[in-house]
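Just a sequence and a predicted model for now, questions to come.
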Amino acid sequence: TVAKREKAGRGRGGRVVVRSRGGGHKQRLRAIDFMRTTPGPHDVVRIEYDPGRSAHIALIKSRDPTLAQPWSYILACDGLRAGHIVESFRSGIPDGLIEGFTDSPAPTKRSLKLLANSSPAAPQTALAGVPDAQDLASAAASTNLSLGVLRARTLKPGNVLPLRLIPAGTLIHAISLSPVGRASLVRSAGTFGQVVAHDEKGLWTQVRLQSGEVRNIMQRCVATIGKVSNPDWKHRNLGKAGRARWLGRRPHVRGVAMNACDHPHGGGRGKSKGGKHPRSVWGWLTKGRRTRRSSDRDGNKFVVKERPRGIQRNN
């Protein structure tokens with residue numbers, strides 16, 4: 001852990017960029033492993049509280065004696081307890097883990113293009129290599145059995161798997177957007193994503209996020225099985241103003257209580273905002289103003305279905 005330096009809502013220029021921030025109890029930042037690159041089994045030592053996030057964190061220790069640093073923190077999934085074992089299969093399924101199963105990496109656009117441009121095999125070669133129907137049936141049955149054993153072995157809460165090995169309908173969290181990147185999606189308390197479908201070409205996987213948005217993510221990206229811990233976070237009640245001050249939240253002053261020089265709603269005699277539409281302190285229209293740029297509304301080609309808004313969300 002490292003000490004957290006308080007900014008009190010100030011930017012790099014020293015001026016306030018976020019109002020109603022300041023004070024609060026001293027905190028230390030926990031270094032969370034969002035990469036999960038170390039393979040092999042890890043023992044969960046304990047579940048801890050992290051003041052820097054809404055979810056709980058888990059302290060794990062690797063069983064590999066050759067590692068210089070076997071200890072690390074990860075996001076605790078719902079149901080994870082001390083004594084459980086978690087593994088990371090980010091680099092794929094190791095050979096020999098499941099008898100009869102051989103892991104093949106997901107194809108890339110370049111490999112599919114090279115395969116499409118390659119010359120077809122000669123007719124006599126293709127006819128000579130046609131396998132028997134009974135051999136095909138036995139091979140398919142063996143593959144399905146190995147795949148079932150693999151899923152029973154690896155699909156456990158807290159394990160990290162590539163999206164290509166996660167079946168549709170599975171709840172996931174801590175999703176990466178790059179095959180070599182850190183987990184960046186679905187990390188808040190009680191949230192989860194769901195695998196919707198896999199692309200026939202083996203390039204993309206459709207994932208439904210917590211907001212209801214469905215987007216394409218590369219099958220070489222990874223995710224953690226299960227949903228994030230502490231699902232009752234949304235029901236919390238601070239109870240008193242002092243607890244908000246412990247968290248670094250200062251009082252929020254209403255615009256109608258200010259002077260005219262400090263807010264568009266300020267000034268006047270009594271509680272009046274001058275007949276204006278509700279505005280922010282900077283003069284922007286509030287109450288439903290869109291925060292996304294109009295140029296980005298249809299610019300993200302990875303989004304298959306936009307998140308529901310307004311009446312759609314209530315229904």
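Received, thanks. Residues are numbered from 1 along each chain as shown.

For stretch 255-274, give the mean pLDDT please.
Across stretch 255-274, the average pLDDT comes to 86.

Buried residues of that stretch, list them for me.
Burial within stretch 255-274, assessed by neighbour count using 16 or more other CB atoms under 10 Å, is assigned to 255-256, 263-266, 273. Placement of C-beta: from N, CA and C, glycine included.

Enumerate every residue touching the closest residue to Thr1 other than its chain neighbours.
In this structure, Thr1 finds its nearest non-sequential neighbour in Arg28, 4.2 Å apart by CB to CB, 6 or more residues apart in numbering. With contacts defined as CB atoms under 8 Å, 6 or more residues apart in numbering, Arg28 is in contact with 1-4.

Report the contact partners of Ser20.
Contacts for Ser20 (CB under 8 Å, 6+ apart) come out as 9, 249-252.

Got a PyMOL select line for the buried ones in those?
This is how PyMOL selects the buried members of these, with burial counted by 16+ other CB under 10 Å:
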select buried, resi 249
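
okay, the contacts of Ser20 in CSV with distance to Ala223, pLDDT and secondary structure next?
Listed next are the contacts of Ser20 as CSV, based on distance: CB to CB, whole Å; pLDDT from 0 to 100; DSSP: H, G, I helix; E, B strand; the rest coil:
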residue, distance to Ala223, pLDDT, secondary structure
Gly9, 34, 87, coil
Arg249, 33, 91, strand
Arg250, 38, 93, coil
Pro251, 40, 93, coil
His252, 37, 92, coil
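
Can you classify Trp233 by secondary structure?
Of the three states, Trp233 takes helix under DSSP: H, G, I helix; E, B strand; the rest coil.

tell me, how many neighbours does the closest residue to it other than its chain neighbours end up with?
The shortest distance from Trp233 to any non-neighbouring residue, by CB to CB, 6+ apart, is to Ala189 (3.8 Å). Residues contacting Ala189 under the criterion other CB atoms under 10 Å number 20.

which SS class is Ala189?
coil.

Just to check, it is in contact with Arg236?
No - between Ala189 and Arg236 there is no contact under CB atoms under 8 Å: 9.6 Å.

What about the nearest residue to Ser211 once chain neighbours are set aside, how many residues nearby?
Excluding the flanking residues, the one nearest Ser211 by CB to CB, 6+ apart is Arg307, at 4.1 Å. Applying other CB under 10 Å, we find 15 residues neighbouring Arg307.
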